[in-house]
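A.B. asks: only the shape, not the letters, is given here:
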Ligand SMILES: Cc1cc2nc3c(=O)[nH]c(=O)nc-3n(C[C@H](O)[C@H](O)[C@H](O)COP(=O)(O)OP(=O)(O)OC[C@H]3O[C@@H](n4cnc5c(N)ncnc54)[C@H](O)[C@@H]3O)c2cc1C
C-alpha cells in the first residue's frame with residue numbers, strides 16, 4: 001500500500017531538514033497541524049558533508065558538515081510525525097488532489113504537498129514540467145535553479161535551498177527551508193504563524 005503523507009520533502013540536506021524541523025515542531029504543538037505527517041526522502045549526498053563551518057553564527061569553531069547533519073538527524077528523530085527514508089526520487093506525478101512520488105527502489109509514495117530540496121548540482125526528476133537552468137548566483141557551470149515565485153512553484157509544490165536560486169551558503173539554504181516550512185503551516189492555519197520554544201518550556 002502507498003503511504004500518504006501531508007508533506008513529502010525530496011532531499012534531506014540542509015534546506016530539506018530545516019523545512020522538516022519547522023513543520024515537525026508545528027505538528028507537535030499546534031492544533032491546526034494535529035496528526036499531520038512529513039516524509040523526507042534523501043539520496044545521501046548533501047554538499048554540507050564536504051564542509052567545515054566557521055562562518056555559521058553560533059556553530060562551534062571547526063565543526064564539520066557531517067557533525068552538523070548527524071545532529072540534524074537526531075533532531076528529526078525527536079518527531080514521531082517525521083519519517084526519513086534513504087532513496088532517490090525519479091518522478092513526481094500529479095494525480096487528482098495529491099502527488100505520487102516514485103523512487104529508484106521502485107517504491108511509490110503519496111503526498112498532498114511536495115517540497116523539492118535537492119540542491120543545485122543538476123535536476124533529474126521527471127514530472128510537473130519543471131525545467132532547470134543555470135544558477136544565477138554562481139559562475140560554476142552545471143549548477144542549476146528552477147523557476148519559483150517566493151519559493152512556490154504552484155499550489156502545493158515548493159522549492160528551497162540552492163535549487164531555489166538563492167546563494168550557496170548554509171544559513172541561506174536553511175533559512176529558505178524554514179521559510180517554506182512556515183509558509184506551509186501558515187496555509188494550514190489560515191494566517192501567518194511561527195513556531196518558537198522558550199525558556200521554561202518542557
Ligand atoms: C566543500 C563545501 C564547503 C562549504 N562550506 C561552506 C561554508 O563554510 N559556509 C557556508 O555557509 N556554506 C558552505 N557550503 C555550502 C552549504 O553546504 C550549502 O549551501 C548547503 O548544503 C545547500 O543546502 P541544500 O539543501 O540546497 O543542498 P544539500 O545540502 O546539498 O542537500 C540536497 C540533498 O538532496 C539530495 N537529493 C538530490 N537529488 C535527490 C533525489 N532525486 N531524491 C532524493 N534526494 C535527492 C542530496 O543527496 C542531498 O542530500 C559548502 C559547500 C561545500 C560543497
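C.D. replies: Alright, I've got the coordinates. Small disclaimer: the values here were computed from a predicted structure and weren't measured. Residues are numbered from 1 along each chain as shown.

A.B. asks: for this structure, longest strand please?
C.D. replies: Across the chain, the longest stretch assigned as strand under DSSP state E is strand 108-116.

A.B. asks: and that one, what does it pack onto?
C.D. replies: strand 4-10, strand 38-42, strand 98-103, strand 157-159, helix 170-189 (3 or more CB pairs under 8 Å, 6 or more residues apart in numbering; DSSP states H and E). The way it works is simple: take the backbone N, C-alpha and C, and place the C-beta from them, glycine included.

A.B. asks: in the strand or helix carrying residue 76, what's buried?
C.D. replies: Per DSSP states H and E, residue 76 falls inside helix 65-77. Neighbour-count burial for helix 65-77, counted by 16 or more other CB atoms under 10 Å, picks out 65, 68, 69, 72, 76.

A.B. asks: which SSE is immediately downstream of that helix?
C.D. replies: Assigned by DSSP H and E, the successor of helix 65-77 is strand 82-86.

A.B. asks: what's the neighbour count on whatever residue of the chain ends up closest to the ligand?
C.D. replies: The chain approaches the ligand most closely through residue 13 (1.9 Å), counting by CB to the nearest ligand atom. By the criterion of other CB atoms under 10 Å, residue 13 has 27 neighbours.

A.B. asks: tell me the contacts of it?
C.D. replies: Neighbouring residues of residue 13 by CB atoms under 8 Å, 6 or more residues apart in numbering: 42, 45, 46, 47, 48, 69, 117, 119, 161, 173.
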